[in-house]
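Novice: Fold the following for me, if possible:
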Amino acid sequence: MLAPLRPISSADPLRLFVGGDSLPAYIITALNAGHANIAQLRLTYDAHISSSIVRPSFFDWQQQLTLLLDQESAPEAIVFMIGGNDNQPMTDTEGNHLATLSPEWQVEYRRRIAALMDLAERDGTRMLWIGLPPPRDGVRIELNPTLNGIYAGEAELRPWVTFLDIRPLLSDADGNYAARLPGPGGGDPVTVRPRDGVHITYEGSTWMADLVWSWLVDTWAIPPEE
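Specialist: Residues are numbered from 1 along each chain as shown. This is a model prediction of the structure:
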């Protein structure tokens, strides 16, 4: 049974952290630009370009989130998105080389994701784990769906974690990669993916920010704008 969540107001705003690799870079910008009632949020952001799950020697998210959550004013809402740099082999706890997407690689990757999600198992804390968008080409054609399956499966085991599947938001009518799409409410198509075929433009990130805000409102029962 999860502990009840506290009331949120502009006098006592929700402490929100957005982090990960470069994929969620524009989400905090969009939230600040009007895709949330920021009077009811205390926003912090920490995205590390080129960080990953597979290379903690470059940047260790397990350590970073542990330090963050041990602070006196730790975030209550954690929005996390990563995976853009996980198309690499890795080494397990015994020093074994694991080829990308091999069964052993997936077992170790799942273990690391579970450990990160378990950090948020604290009274009054919730985590929104944002999945990866549809890939354009290369190894990510197989990688992204596999990673999304791991994220969703581990979130399902933890009531304090919600998995946000953004593939329907950023897919064409056939569920495939699209560089330009009409908005969720219709209208003329806009560019939602840059030329690298991996990241998400600011416009696409505004749609994600709207979903993040909806999750916050639903989870904390945030009242209408004051």
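Novice: Where do the helices of this protein begin and end?
Specialist: Applying DSSP state H to the chain gives helices spanning 27-30, 61-69, 103-118, 140-156, 202-220.
Novice: Nearest to A39, out of those helices?
Specialist: helix 202-220 (12.7 Å; Cβ to Cβ). In short, each C-beta sits where N, CA and C put it, glycine included.
Novice: Touching the closest one from outside, list them.
Specialist: 5-6, 8, 14, 16, 18, 24-27, 29-31, 33, 35-37, 41, 77, 79, 126, 128, 130, 133, 162, 164, 166, 169-170, 181, 183-184, 190-193, 200, 222 (Cβ atoms under 8 Å, 6 or more residues apart in numbering).
Novice: Isn't V54 up against G84?
Specialist: No - when contacts are counted by Cβ atoms under 8 Å, V54 is not listed as touching G84 (11.4 Å).
Novice: More neighbours: those two, which one.
Specialist: Remark: of V54 and G84, G84 carries more neighbours, 23 against 20, as counted by other Cβ atoms under 10 Å.
Novice: what's near enough to touch the residue nearest in space to the middle of the chain?
Specialist: Per Cα atoms, centre = their mean, the C-alpha nearest to the average position across the chain is that of M81, at 2.5 Å. M81 is in contact with 20-21, 23-24, 27, 129-130, counting by Cβ under 8 Å, 6+ apart.
Novice: what is it paired to in the beta sheet?
Specialist: Taking DSSP bridges as the rule, M81 bridges to G20.
Novice: buried subset of the contacts of helix 202-220?
Specialist: For the contacts of helix 202-220, a burial check counting by 16 or more other Cβ atoms under 10 Å picks out 5, 8, 14, 16, 18, 24-27, 30-31, 35-37, 41, 77, 79, 126, 128, 130, 133, 162, 164, 166, 169-170, 181, 183, 192-193, 200, 222.
Novice: now, which of those residues lie within strands?
Specialist: Under the assignment DSSP state E, the buried ones among the contacts of helix 202-220 contribute 14, 16, 18, 41, 77, 79, 126, 128, 130, 162, 164, 181, 183 to strands.
Novice: of all the residues you listed, which two lie farthest apart?
Specialist: Longest span within these, Cβ to Cβ: L14 and L181, 30.2 Å.
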